[in-house]
Structure formats: C-alpha cells, structure tokens
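Asks: 3D model of this:
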Amino acid sequence: MITANIQKINQEIGVHARLIAVSKTKPLEMLMEAYQGGQRIFGENKVQELVQKYEALPKDIEWHLIGHLQSNKVKYIAPFVSLIHGVDSLKLLQTINKEGEKNNRIVPCLLQIFIAQEETKFGLNQAELMELLESISQEPLPHVQICGLMGMASNVDNEVQIRNEFKGLKNVFELVRQRYFLNNPHFKEISMGMSGDYLIAVQEGATLVRVGSRIFGER
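Replies: Predicted coordinates:
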C-alpha cells in the first residue's frame, strides 16, 4: 500500500513539486517499504528520531527536519541534514552557520513564515522576515544556504482560506526573491501543503509537499 500511495501522490503533483514522506513516529520497516518503492526524501519532526533513522537506513536518503528546531539540537543534525524547514529566528540561523562551519559544509535552510490564523504555529511575520534578511545581507552566514520559504496553512476545512494563505506565501517568496536572491539559483523552494491540502499547495506554487498520513496511514 505504501508504494502505491507514493506513486499516486507523485502522479497528482507531477513535475511541479517533490514529495517529502513525513515519517515521524513510523517504524523503520515502513520507511524501508517506502524506500523500496522509490521514495528518497523523508521528513522528521524530532531531532533524536531523525538521527536514529539516519544511522539505521540507507545513506542515499535526503533527510529533512520539518519540525521546530531548538538551537541546542542543531549540532546533532548539522553533519548530514539535507534541508532544515523551520528556521524562524536569526539566532537559530547563526547557530546553524556555526555548526555548518564545524562540519565543513553549507547547511540548506528554509525560513518559516507565519501564514496561518492560529496562534500555535511558529514562523516569522513579514516585518521580522525582512529584518532577518537585512541582517544577513549585512553580515553573511557563509555556512548557511537560504533555499526558500516554508509555511503551514490553518487547520481548517475552508479551502478558500487555505488557498489564500498559500497564495500569500507565494507572494512573499516572489518579493523576497526579487529583493534579496534575484541571481541566486538556490533560492527556489516553497515548502507548503500536507496530507489534507497538498493539491491546493501545488496549484499555488509549492515545490515541496510534506505528506504523512496519505502515505503511511493514520497514526
């Protein structure tokens, strides 16, 4: 079933977006089934679980940290993580830069933007985003690569609201690209959309969708 689910989602999203299999809390056997079905990008929420799975599974997997990241945990994933989705402060970015330097690598990151109408979601508002980008344009962080933006829509059934939130993120992405990353080919990712709304996200410009229950079933 897992392989069939992955194939179905890949057909739906086509060439426009890449699928991140959200594998948090799932056992290694399920991840291996997805891997054998061709899946190579996996997303985890918690650092400890990410590290354990990285050590246990094939080394051609791209590991994405999609959950909230605390500065004191960066050192555990800095040697290998393919993309950190949820960067929402300059302090965190500076820590990632420091750990990237220690590991002699450049760590790809997305800046998390607050687009939902719920207080529980993390992320920068537009003013905070611009302040952060101004700061790193004055004092570059050579071991961090800003690859794009990430956002989570409100957890509602209102498709119009969800679509508008994704549209808003795409607009911010274009604004930021024009202003700060115009000649930077790495700034190209918009990570938005999950199991319930990934098709809307793709229609609104997502390049990465984070899908868990549609692949592995409900927890």
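Asks: Pull out the buried residues from the host helix or strand of residue 162.
Replies: Assigned by DSSP states H and E, residue 162 falls within helix 159-180. Within helix 159-180, the residues scored as buried using 16 or more other C-beta atoms under 10 Å are 162-163, 165-166, 168-170, 172-173, 176. Yep, even glycine has a C-beta here, placed from its N, CA and C like the rest.
Asks: List the contacts of the residue nearest the centre of the chain.
Replies: The residue lying closest to the centre of the chain (C-alpha atoms, centre = their mean) is residue 85, at 3.3 Å. Residue 85 is in contact with 43, 64-66, 110, 112, 150, 191, 210, counting by C-beta atoms under 8 Å, 6 or more residues apart in numbering.
Asks: I'd like the residues you listed laid out as TSV, including neighbour count and distance to residue 22.
Replies: Shown next, in TSV, are these (neighbours: other C-beta atoms under 10 Å; distance: C-beta to C-beta, whole Å):
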residue	neighbour count	distance to residue 22
43	25	5
64	26	9
65	23	11
66	26	7
110	23	15
112	26	16
150	29	13
191	28	12
210	23	5
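Asks: Run through the strands of the protein in chain order.
Replies: For the chain, the strands defined by DSSP state E occupy 18-22, 41-44, 62-65, 83-87, 107-113, 144-151, 189-191, 208-211.
Asks: Distance to residue 33 and mean pLDDT added to the ones you listed, as a markdown table?
Replies: Listed next are these as a markdown table, based on distance: least, C-beta to C-beta, whole Å; pLDDT from 0 to 100:
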| stretch | distance to residue 33 | mean pLDDT |
| --- | --- | --- |
| strand 18-22 | 10 | 98 |
| strand 41-44 | 12 | 98 |
| strand 62-65 | 17 | 98 |
| strand 83-87 | 23 | 97 |
| strand 107-113 | 27 | 98 |
| strand 144-151 | 27 | 98 |
| strand 189-191 | 24 | 98 |
| strand 208-211 | 15 | 98 |
